[in-house]
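Novice: Prediction below, plus the sequence it came from.
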Amino acid sequence: MRTSVHDLPEQPLPPWRRAVLKVGSNLLAADGGGLTVRHASALAQFIAASHAQGKQIVLVSSGAVAAGRALLREHTVSASDLVARQALAALGQAPMIALWQRLSARPVAQVLLTHDDLRHRRRYLNARATLRELLALDVLPVINENDTVAVDELKLGDNDNLAAIVAALVDADLLLIASDIDALYTADPRIDDTAMPIAEVTELTPAILAMAGGSGSSVGTGGMRTKLEAAGKAAAAGIATALFCGSDAATVQGLSEGRLQGTLVHAPGSRMQARKYWLRHAPAAPGRIVVDDGAARALAGGRASLLPGGIVSIEGEFHRGDMVEIMTIKIGDAAQRAVARGLSQYGAAEVRRLAGHHSREIPALLGYSYGGEVVHRDDMATLVSSDTAA
C-alpha cells in the first residue's frame, strides 16, 4: 500500500512573506456538481492565519467551469468544445468568487488574466501594479485565466502554470499548490501500490518529470506533470514550490505553523537573485534617464525607487514598461556612468514632463498617474555601490 499523507516526513516551509496559493478544481467541485466549501474552508482558514501573521497571499483558483456546468445541468457540454467551456467559465466565475468571499473576512477581488496581459510589457506592468495595490489594501486577489476570451493557441494552459507566472509577476517568495494528491510519487499512486512519496526535489531532472502522470480528474485540466512544470517555472524565478494535499485539514493547518507534509521543490537561487539577474541583463531600450547626484546615491543603496524629483533629463525614447538605464550627470570631460537599470512606469515623453517635480504633482501634470515612482525599486537593479555612485 502506498504511504498516507500522515506518513510523509514533516519539513519546514521556506521563510516567506508573500505566497501564491493555487487551489485545484478537485478541491472545490461537489460530488453532485457545482462547488463545495468542504475543503475550501480549511484553505481559507490558512489564508486568514497567514494574514494575521502579516503575510500576503494571492489565490489562483480553479472551479469556474465546474460551477458553470452545474448551472446548466440540462445541457450536455463536451470537455473538448472550447466555445462551450468558455461559456461555462463565464457562468461559473460569479459563484466561484462568491464561494471565496463567503469564506473570507477580507474583501475579495477577481482578476482575470490572459496570455496577452503577461506578454505585452504595458499590460504586464498594469497587472503587476493592480495586484500590488490590492495587496497593499489587504484585499485577497483571486486570479483565474480569462477563459471566456482566450483561444487555444494563446491560452496559458492550466492554472498550475498560471500560478507560477503570477508568482513571478508579484515577486512571491513561495508557490503553494494544493490538490487531492499529497506529494510527488515515484510512480502514479492511483495505479501502483509500491509508489513512494518524494519529500524534496533539488532539481527537476527528466527522471523526476517522468514520475509524473497526467490529469486524474474529469473536472481538472492538469495532473502532477503540470505541477512540476509550474514548479520549474517558479524555480527559474528563484521561487520554491510546495505540493501538498489540500483535502487533508491537518496538512493545511500545518502550513500555518510553517510545517509541510508534501513535496518541496527547491529553487537554485533566491527570488531576488533571479529577478536582479534578469533586470541587469535584459535588453534595454535606446532611451536613458539622467539623474542628479542625490538620486544616484539613493539608488545605489538598493532600497530607493526613482522619483521624478531626482530626474534631470531624458536621452532618447522609450515606452512605458521598457527597460531603461539610469545615468549620472555628465560633468566636464567625465564620462556618464550607469547607476541602475529598471522598468519605467512612464514613457519618455511623460518623464520629460515629470522631471524635477514632486510625485504628488503627477496627476496634475499628466491628468493620470501610474504611481509616484518612475522606476519602482522592485523593478530595478543597481549597478554601482553607494560609495562610487556620485
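Specialist: Sure, I can see it.
Novice: Restrict stretch 336-354 to CA atoms and write it as PDB.
Specialist: Provided in PDB are the C-alpha atoms of stretch 336-354 (Å, rounded to 0.1, in the frame of the first residue of the first chain):
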ATOM      1  CA  GLN A 336      28.500  59.300 -17.700                       C
ATOM      2  CA  ARG A 337      28.000  56.200 -15.600                       C
ATOM      3  CA  ALA A 338      25.100  53.800 -15.400                       C
ATOM      4  CA  VAL A 339      23.900  53.800 -11.800                       C
ATOM      5  CA  ALA A 340      21.000  51.300 -12.300                       C
ATOM      6  CA  ARG A 341      18.600  49.900 -14.800                       C
ATOM      7  CA  GLY A 342      14.900  49.000 -14.500                       C
ATOM      8  CA  LEU A 343      11.400  49.000 -15.900                       C
ATOM      9  CA  SER A 344      10.000  52.500 -16.400                       C
ATOM     10  CA  GLN A 345       6.400  53.100 -15.300                       C
ATOM     11  CA  TYR A 346       6.200  56.000 -17.700                       C
ATOM     12  CA  GLY A 347       7.200  56.700 -21.300                       C
ATOM     13  CA  ALA A 348      10.000  59.100 -22.300                       C
ATOM     14  CA  ALA A 349       7.600  62.000 -23.200                       C
ATOM     15  CA  GLU A 350       5.800  61.600 -19.800                       C
ATOM     16  CA  VAL A 351       9.100  61.500 -17.900                       C
ATOM     17  CA  ARG A 352      10.200  64.700 -19.600                       C
ATOM     18  CA  ARG A 353       7.200  66.500 -18.200                       C
ATOM     19  CA  LEU A 354       7.700  65.000 -14.700                       C
END
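Novice: just to confirm, which helix or strand has residue 96 in it?
Specialist: helix 82-103 (DSSP states H and E).
Novice: which stretches of the stretch 51-200 of the chain aren't confidently modelled?
Specialist: 73-81, 119, 147-157 (pLDDT under 70).
Novice: Can you show me the helices along the stretch 251-390 of the chain?
Specialist: In the stretch 251-390 of the chain, the segments counted as helices under DSSP state H, counting those that start in this stretch are 271-281, 293-300, 348-354, 362-366.
Novice: Counting by contacts, list what the second one packs against.
Specialist: Spelled out, that is helix 293-300. Judged by 3 or more CB pairs under 8 Å, 6 or more residues apart in numbering; DSSP states H and E, helix 293-300 is in contact with strand 338-343, strand 380-382. The way it works is simple: take the backbone N, C-alpha and C, and place the C-beta from them, glycine included.
Novice: what does the last one contact?
Specialist: Spelled out, that is strand 380-382. 276, 279-280, 299-302, 305-306, 326, 339-343 (CB atoms under 8 Å, 6 or more residues apart in numbering).
Novice: What strands line up against it, and which way round?
Specialist: Sheet pairing here is set by DSSP bridges, and for strand 380-382 it gives strand 338-343 (antiparallel).
Novice: Show me which of the contacts of strand 380-382 are buried.
Specialist: Neighbour counting by 16 or more other CB atoms under 10 Å classes 276, 279, 299-300, 305-306, 326, 339-343 among the contacts of strand 380-382 as buried.
Novice: Among the residues you listed, which one lies nearest to residue 143?
Specialist: Nearest to residue 143 out of those is residue 343 (CB to CB; 21.0 Å).
Novice: so how many other residues sit close to the nearest residue to the closest one once chain neighbours are set aside?
Specialist: Take residue 343 and drop its neighbours on the chain: the residue closest to it by CB to CB, 6 or more residues apart in numbering is residue 379, 4.1 Å away. Number of residues near residue 379 (other CB atoms under 10 Å) recorded here: 21.
Novice: again with residue 136
Specialist: Residues lying near residue 136 (other CB under 10 Å) number 9.
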